[in-house]
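[1] Need coordinates for the following:
(chains A and B)
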Amino acid sequence: DAGVTQSPTHLIKTRGQQVTLRCSPKSGHDTVSWYQQALGQGPQFIFQYYEEEERQRGNFPDRFSGHQFPNYSSELNVNALLLGDSALYLCASSSLFSVMGFDEQFFGPGTRLTVL
Amino acid sequence: GEDVEQSLFLSVREGDSSVINCTYTDSSSTYLYWYKQEPGAGLQLLTYIFSNMDMKQDQRLTVLLNKKDKHLSLRIADTQTGDSAIYFCAGDGSSNTGKLIFGQGTTLQVKP
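    Prediction:
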């Protein structure tokens, strides 16, 4: 099992550009969540996708959008990039109806986005 | 909304016990978690505790939860150099929302 994979590993963009980050969930998982981790901070929840729909959203502007595909993989899109969007973007996958009784989220290694 | 706070840095000697503390403002979390992040890696779930429990032990890890004081701690016994990492506490706010609320992380430095 490859676990959660993310691409690309690193990305450099300039202000105003658009970026797309990709995530493949762990095998058997149907739910994907995205987090933004600024340097020296804890991850902040962006949104979660289940059954190709946004299930819940954190306090992020509409410039942040996402998509989930029928194979459960997901994309995070950020438009009109700002310097403050520079961060590590983490994808986490889980099973919405986990038999464990709690929603263990498995995290990928992240995509490091630098906005110049 | 929930706020989670942690001390930023802890340094211990190899073989000593480490205690990482966390306080939170919202008591509605059903589960509280401890994650570990090593350089260049994502977050790894270390352990979790159900909100109606006071303590959970898992090999070298002991989690203590004081709901009255909204205080969560992680004790690592016999700390090893491989335990050097950033440790995050997190709550789920309410059951099965999928949204984890993280603290800012505690950097644990283990000296040989």
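[2] Residue numbers of chain B in contact with chain A?
    With CB under 8 Å from any CB of the partner chain as the criterion, chain B comes near chain A at residues B:4, B:30-31, B:35, B:40-45, B:48, B:50, B:88, B:90, B:92, B:96-105. In this view, the C-beta of every residue, glycine as well, is placed from N, C-alpha and C.
[3] rerun that using 7 Å as the cut-off
    B:31, B:41-43, B:45, B:48, B:88, B:92, B:96-100, B:102-105 (CB under 7 Å from any CB of the partner chain).
[4] Any quick ChimeraX command for the buried ones out of these?
    Here is the ChimeraX command that picks out the buried ones among these, judged by 16 or more other CB atoms under 10 Å in any protein chain shown:
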select /B:31,42,43,48,88,92,97,98,99,100,102,103,104,105
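[5] quick one: which of the residues of chain B next to chain A sit in strands?
    B:31, B:43, B:45, B:48, B:88, B:102 (DSSP state E).
[6] CSV for these, including pLDDT?
    Formatted as CSV, those follow (pLDDT from 0 to 100):
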residue, pLDDT
B:Y31, 87
B:L43, 92
B:L45, 92
B:Y48, 92
B:F88, 97
B:F102, 94
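[7] so which of the residues you listed comes closest to B:E14?
    Closest approach to B:E14 among these (CB to CB): B:F88, at 22.4 Å.
[8] Report pLDDT for the residue nearest to that closest one when sequence neighbours are not counted.
    Sequence neighbours aside, B:Y35 is the residue nearest to B:F88 in space, at 4.5 Å (criterion: CB to CB, 6 or more residues apart in numbering or on different chains). Confidence at B:Y35, expressed as pLDDT, is 96.
[9] Would you map the strands across chain A?
    A:5-7, A:10-13, A:19-24, A:31-37, A:44-50, A:53-57, A:64-68, A:74-78, A:87-94, A:106-107, A:111-115.
[10] What distance do you get for the residue sitting nearest the centre point of chain A to chain B?
    In chain A, the residue lying closest to the centroid (CA atoms, centre = their mean) is A:W34, at 2.8 Å. From A:W34 across to chain B, the span is 11 Å (CB to the nearest CB, to the nearest Å).
[11] Nearest spatial neighbour of that residue, chain-adjacent residues omitted?
    A:I46 (4.2 Å).
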